[in-house]
Structures are given as structure tokens and as C-alpha cells.
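[1] what would the 3D arrangement of this be:
(chains A and B)
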Number of protein chains: 2
Amino acid sequence: MKGILIIADGLGGRPTDVNGASCLEAARTPVLDAAARRGAIGLMDPIGPGIRPGSDTAHLSLLGYDPYALYTGRGVFECLGIGMDVRAGDVCLRANFATVETRAGALVVTDRRAGRIDSGQQDLADALNKMELESVPDVSFEFRASTQHRGALRLRGPDLSRHVSENDPHEVGRPPVPFAGEAGREEAAARTAAALNELVSRGHNILRDHPVNVRRTKAGKPPANFILARGAADCPAIPSIESLYGVRGAVIAGGALYRGVALACGMTALDVPGVTGGLDTNLRAKATAAADAIATFDYVFVHIKGTDNAGHDQDAAAKTSFIERIDQEFFGELMARVDASATHIAFAGDHTTPIDFGDHTVEPVPILYVGPNVAQDASSSFGEREAGRGGLGRFSGRALPILLGYCNWAPKFGS
Amino acid sequence: MKGILIIADGLGGRPTDVNGASCLEAARTPVLDAAARRGAIGLMDPIGPGIRPGSDTAHLSLLGYDPYALYTGRGVFECLGIGMDVRAGDVCLRANFATVETRAGALVVTDRRAGRIDSGQQDLADALNKMELESVPDVSFEFRASTQHRGALRLRGPDLSRHVSENDPHEVGRPPVPFAGEAGREEAAARTAAALNELVSRGHNILRDHPVNVRRTKAGKPPANFILARGAADCPAIPSIESLYGVRGAVIAGGALYRGVALACGMTALDVPGVTGGLDTNLRAKATAAADAIATFDYVFVHIKGTDNAGHDQDAAAKTSFIERIDQEFFGELMARVDASATHIAFAGDHTTPIDFGDHTVEPVPILYVGPNVAQDASSSFGEREAGRGGLGRFSGRALPILLGYCNWAPKFGS
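    Residues are numbered from 1 along each chain as shown, chains lettered A, B, ... in the order given. Here you go, the predicted structure:
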């Protein structure tokens, strides 16, 4: 038996989305509806009832972990997700290029994304990484660029702490906020803040004078001359899924965060051309890669990000049509390629992102299981309200362990 | 108000059991179906969603306890279940007679069950129990025989630990495995392993030369000349159900494990002639005894084991027909004998044991409540899929506290 877990980020919606229906209910999804008729559906609270999930905490919970026990912050998943090595003791941050300029003798952020810079980012990062920190000479760091302005930053050395604030003012026209150790935290938090403050301050001088930025300024583009960082985290103590269940899995995800969470859980990341983590991702390529991967791996986790992007953009038409593409392009391809008699498939959102609110909300999400060991319920389609009547009832998180259970892979607790 | 909780072990099944239906769905169960129409049903995850339960951990959870906090291993319930006294500090193991012979100078297990020995077991045990351990003179022990080759072993003395491995090689033709303290555990674990190694090694000499075995060998039967032991446990800190709810209960169970769990929770064990813990058990006698017992006790817990035996044997016909016997013989008798206006009845499995897999799986089990305080739902029969539409929804464990609640016995938490 093989298992495929597919999460469409922010899949869930509200009746305020489209004329009294959620985007998922409004979308035409014949392939998912047929799967719901063959399998069983229900409602899943990603973390627990009334808990509004982040994407990182929701994914830890879906994969079978208790995020309240394990979660240390987002930065470590961002670092892992773009291929950086992370060890116990490191402190990791989600970081990005921004544009600052000096006004009345003080630095002010003028573009939080440095005009979504699209070339030369790693040259800038390489220049930055040559710097040695004078205030904390035993601490080294690496900034790595990923897509556009995005990247991640890792500090390594003794006595570091994740308990530091961010420097992003979250508004243009305001100065970057100095990093600070959280009140009441250990000396290491102040030391980590000092390292970060030196890094961004002296880093600004390096970036400002770099040929990439000299060219950008000449071309009238905002220079990528400052690093904003947030989400400080240290390496969480996550036992691998293989150590817990004895199975090997792969992840197919365009977004660094999801790839990072899966890597932290011990999955192998597969690179699939055309997978972008956006609405333009190649859904057929993802389905083909997932169907291929179960020849080698026991299970595959596929993450689809576009639904959440459209939800955050409050674009009901985009979300609805992307769900229709997931149905036809992803599931159409996947169902044609897998052996239904030897494969269990689970599909859900990681949280609700309704159009009117444009951010994550607390509602449970619909979840679907289909495969030979799933008892068929009376469902005729896949959607929020139909799931409320589904044969799986309502439960919290653990979508992957339940899938592994249908595949007969769960370890017994007790005897 | 009186309560009766009936657990049919491994009751749950899968659509792969019998032509797309579980054994429970395939069985003709008019008495249970009528109870479902009068009462309400739902799905219960014995421990939690996606957790594959053992029988011991599942029962702790059904009775209202958190097995993650309390469970120490199976051996203590086996000792309690066959009437041994267990105190804090004791280490208990599930133990059984086996047959070994010397091949090329080494002992090799030739029958893990000593030919399912059916007489003379306690004589062998008595001889064994006369031995004094020389390596740990402050440790005493008792081996007690139960049915056939089965029994339990208790060590008593200072500085013992349950963190020891088993000596059962789980395959004939292989030598018994020496007991060992778990890596990284306290010195007491090594000391306990030493005590067990001396016990089984010198015990072999005693058993080998015992008249019971001399007679067995002459008769061409495998001698019961060795003790295999596993599931080391110490006494768990389980507050009694009476201390938690103020009610007194009795247990009717053929299997030592279930009787032991119930005794550990403070119930009184009732002996019912004809109750075997197998498919041949006297179900009418059990029902009669349960109906009688609620004259004396506030609640009765009845355990029926045969369903799980048939599931482990992957015998769909045996499981289906045993479920039909539970319906007609047990529930037919019970319903005729109890006062429906003053009794609440709960019926569920402790886990799923599907035919194709032949072992416990993670699926939730159907559960039924019927009695004057149970709001009737729209169910027309009792089975897995009907329970997925049932009025009780899906919840985790705690079948007994919910039953006690319907009987108005639950203590208030808060004010």
C-alpha cells in the first residue's frame, strides 16, 4: 500500500466567498466529487477547534506532531526549505532584501521588497556573507537568497537564542526596528540581537556599494540594500516520520516553508520543473511526479500553494478557478496514473482562507480519504458543508498518521 | 440508574472484510439494530485519531484514563488478571511455558507454547517458586500458571525496573534471548535483567527434571521446561474509578488482560462459569451475570474476546457468526433481563481488527448508547458506516465516563 497526502493551502472558505457558497463549493470539481463518492469525507480542525492556524503550525499538526510541544518559529523551516543546513544551536530567520534610504540622518524603509528584485540576489548575498561580526566574533552567519527578494538567514555559534524581535517595521516610510532580546529572556537573546543589529547595519554599507545595486539605482530600480528579518527560530526536536512509523516519504512543494517543514520531518525533497508555489504552478507535473514517486517512496506529501495566495489576495474568481484546475489538472492526472487498488489518497486544506477576511481563520477544513481500506460514506461531492455530514465526522489534525493507518503502517501503542 | 459497558474486542472491521462490508455490517444483528433505533450511535477513536491501539492501552482509554500518562506495560495487568497481588515497586511480566532442547551445547526453543500443556502447570510453577535467586538475594519472585501454557511472573524487591527486554525469540529453532536492561536506563534495569536471567536459566534445570515433564516426555509431548517472558511493567498509578466517580463496578471477562485492567481500575472481578475468553464462551451466562450484577454494583463492564480472536485468525465467517451470537445470545438475553427504564447500556469495540490485515488498525469503532437519558438519533442499524452518520459524532475514548454521565454519576469539574 502507498499513500499520497495532498494539501491545498488555505483551501477552506466561507459562505461569504461566492453568493452563499465557499470557493470550493462554487468550483466545478467532478474528479474530487467522484473521489468523495468512492471514499469518505469529514471535517478536520487543522490544530484543534477554535485554534487559528499558521501554515507552519498547521502542517506540523497535519503531519502528526503537536505544534504546541515542538514549534519554535518559522525561520528554521525557511532555511531548510531553501537548502541550508541547520544544526542544533543555530538560530534561523526568514529574511528578505529591502530598500532603505537616509532621510534626516536616519535610515527609512522605502520598499519592503526591494522592487521584487529578480537578478543578482546571490551576488549580494555572497558579498554580505564575507563579513565577520566584530561584536560577537564566535558567531558566523549565512544569508541565502531564494525567489525575488526572499531568503533566509542562519546564525551559528555558542549562546544564541531565538527569543529576539524582528526588524521589519511592516510599513514604508518608517525606520527599521532594532532587533532586541525578548524581555525576561536569557543573556543569549541580547547577544543574538546584537549580532543581528551589527549584521544588518554593517551589511547595509556592503549592499549599498555593491555593483548590483549601483546598476539597479542607475536603472531607476530600488536597490536591495538592506536585510529585514523575522521569525527567529532554533532547530526543533522533531523525531522523523521514518523513526515513528518506519516509512520513507517524499515532498513535492514549491513553497520553501512547506518543503522545510517536510525536510524537518525527515522527508526527501523532490524537485519538479514548473512547480512555483504560485497560481502559475504546473499541476499536471506535480501529479505525474507524485505518481512516479510512490514507486520509490512509501508515501508522498504534495503541497499546492495557489489557493492560499488567491485567498490572501481576496480574489474569489482566482481561488475558484484554481480549485477547478486542481481538480482537473492535478487530480485528473493523478487518478489516471495511480493504482487505485493499492493506493490511499488524502486531500485537505491546511486551514481556511476566506475571501472577505483575506487571512487564515479558525474553521475546520474538509478532508477526503479514498482507497481500498476506506469505508465509503454517503457523500456525493467534496465541500465544507457536505464534509459536515461526512462519515469521518470531525477530528483534529493528524491527516498523515490516519493515512498511514489506512495503509497498515501505524505502529501499535501498547500490546 | 445502572450502567453496563460491553466491549467486543476487535469488533471494528473494514469494507475489505466481506464483499464491501465489515463483518459487523455483514452480520445479522436485529437486537443491536433495535437498540440503535432506540438509542444513538457514533464513532469512537479508542485512544485518538490515527493512533493504532493495543488492547491494554485502548481499555485504559475507554475506561477514562490517559494511557500516555499511565501505561507502564502489559505484564502488570496479566499478573492482576490471574489473581496475583501486585504492589508498588514490583515488576510484572507476561510469561509462559515453552520447550527448549540442547543443540550443539546451546539451548534452542523448539515449541514456544510447550505443546499447549493442559495439566500439571501449577505443580511446575510451585517447584519453580521454591528457588531462591542467588545473584539478587533480596529479590523474590512468583510465577503463576493460568490457561494452557500461559501465566505471569512477578518480581518483588528493592531497585527493580521495568526497562528490560524480553527473552522470547518469537521463532522456533532459535535460542532464548538473554534479558537485558534497556540502553541508557538505571542500574536497576541491569539488576532486573540479571534476576530474570538467573530465574529462567536455573529454572530450566528445575523444570527439566520435574516429574510432570518426565511424564510428558515419556508420552511424546513437548516438556514445559522453560519460561519465556515479556511485557515487563511496574504498577501504574491508576486512581480507582470509585475514587473518581463515586461508583462501584464489577468486571466480567474471560481474558486475564481485561480482568487485570479492570482490577487495576478498582473493579470487582466476577467469576462466571463457562466464560472462556474465546469463541466458545457462554454468552448467555455472561449476559445473565451482568444483569444480576447491577443489583449489587452501580455499573458492570463486560468484555467479550472472541471477535478479536477471529479477526487475528483472519476468519471472516467466524467473526461474523460470533457477532451474530453476541447479538442473539448476549444482547437477546441482556435486553430481556434489564429494566430499560433504569439502565444505560454502552456497546463498542476496543479497536478495529480487519480480516485482511489480521491485527489492530487505526480506524475509529462504532459505539452505541441506549437508555432513558440518551437522545434517540436517526440510526436504523448498528455498524461502522451507520455510526459515521450517527448522532453522537466522533470522539476519543472515555466510553465509560460517558456512560456514567448518562447515569448522572459524573462529578462536576468546576462549579
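
[2] check whether whatever helix or strand residue A:5 lives in comes near chain B.
    Element membership of residue A:5, judged by DSSP states H and E, is strand A:2-8. No - using C-beta under 8 Å from any C-beta of the partner chain, strand A:2-8 never reaches chain B; the gap is at least 12.0 Å. C-beta here means a position set from N, CA and C on the backbone, and glycine is covered the same way.

[3] sheet-wise, list the partners of the longest strand that chain A contains with their directions.
    Ranked by residue count and defined by DSSP state E, the top strand of chain A is strand A:91-103. Sheet pairing here is set by DSSP bridges, and for strand A:91-103 it gives strand A:106-111 (antiparallel), strand A:150-156 (antiparallel), strand A:226-234 (antiparallel).

[4] would you format those strands as TSV with distance to residue A:304, mean pLDDT and mean neighbour count included?
    What follows is the strands paired with strand A:91-103, written out as TSV (distance: least, C-beta to C-beta, whole Å; pLDDT from 0 to 100; neighbours: other C-beta atoms under 10 Å in any protein chain shown):
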stretch	distance to residue A:304	mean pLDDT	mean neighbour count
strand A:106-111	29	96	17
strand A:150-156	19	97	25
strand A:226-234	23	97	24
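
[5] redo those strands as CSV? Include distance to residue A:337.
    Output for the strands paired with strand A:91-103, formatted as CSV (distance: least, C-beta to C-beta, whole Å):
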stretch, distance to residue A:337
strand A:106-111, 44
strand A:150-156, 32
strand A:226-234, 37
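
[6] ok, which of those comes nearest residue B:394?
    strand A:226-234 (33.8 Å; C-beta to C-beta).

[7] give the next helix or strand downstream of the strand holding residue A:5.
    helix A:23-26.

[8] keeping just the C-alphas, turn whichever helix or strand comes after that following helix into CSV.
    Downstream of helix A:23-26, the first helix or strand assigned by DSSP H and E is helix A:30-38. Taking Å, rounded to 0.1, in the frame of the first residue of the first chain, the C-alpha atoms of helix A:30-38 are listed here in CSV:
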residue,chain,number,x,y,z
PRO,A,30,-16.1,16.4,-10.9
VAL,A,31,-12.9,14.4,-10.1
LEU,A,32,-12.9,15.3,-6.4
ASP,A,33,-16.7,14.7,-6.2
ALA,A,34,-16.2,11.2,-7.7
ALA,A,35,-13.5,10.5,-5.2
ALA,A,36,-15.8,11.6,-2.4
ARG,A,37,-18.4,9.2,-3.7
ARG,A,38,-15.9,6.3,-3.7
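
[9] what average pLDDT does helix A:30-38 get?
    Here helix A:30-38 scores 98 as its mean pLDDT.

[10] off-centre distance for it?
    27 Å (C-alpha atoms, centre = their mean, to the nearest Å).

[11] contacts only, for residue A:236.
    Applying C-beta atoms under 8 Å, 6 or more residues apart in numbering or on different chains to residue A:236 gives the contacts A:70-72, A:76, A:264.

[12] closest one of those residues to residue A:63?
    Distances from residue A:63 to the contacts of residue A:236, taken by C-beta to C-beta, are shortest for residue A:264, at 9.5 Å.

[13] and the closest one, how far from residue A:255?
    Taking C-beta to C-beta, to the nearest Å as the measure, residue A:264 falls 14 Å from residue A:255.

[14] packing partners of the strand holding residue A:5?
    helix A:55-62, strand A:299-304, strand A:343-349, helix A:399-406 (3 or more C-beta pairs under 8 Å, 6 or more residues apart in numbering or on different chains; DSSP states H and E).

[15] outside of the first one, which residues touch it?
    It refers to helix A:55-62. A:5, A:7, A:9, A:46-47, A:53, A:66-67, A:70-71, A:74, A:77, A:238, A:257-258, A:261-262, A:308, A:348, A:350-351, A:360, A:396-400.

[16] now stretch A:314-321: mean pLDDT?
    Stretch A:314-321 comes out at a mean pLDDT of 98.

[17] residue A:200 in helix, strand or coil?
    Put simply, residue A:200 is helix when judged by DSSP: H, G, I helix; E, B strand; the rest coil.

[18] wait, doesn't it sit right on residue A:225?
    No - using C-beta atoms under 8 Å, residue A:200 is not in contact with residue A:225, being 10.6 Å away.

[19] and stretch A:242-260, how far apart are its ends?
    Its start and end residues considered, stretch A:242-260 measures 16 Å (C-alpha to C-alpha, to the nearest Å).

[20] how about it against chain B, any contact?
    No - Stretch A:242-260 is not in contact with chain B by C-beta under 8 Å from any C-beta; minimum separation 9.9 Å.

[21] in that stretch, which residues are buried?
    A:244-245, A:247, A:249-260 (16 or more other C-beta atoms under 10 Å in any protein chain shown).

[22] please flag which of those sit within helices.
    A:244-245, A:256-260 (DSSP state H).

[23] now the two most distant members of these.
    A:245 and A:256 (25.0 Å).

[24] ok, back up a step: for the contacts of residue A:236, which single residue is the most surrounded?
    Of all those, the highest neighbour tally under other C-beta atoms under 10 Å in any protein chain shown goes to residue A:76, namely 31 neighbours.

[25] surely that one meets residue A:86?
    Yes - between residue A:76 and residue A:86 a contact is recorded at 5.7 Å, counting by C-beta under 8 Å.
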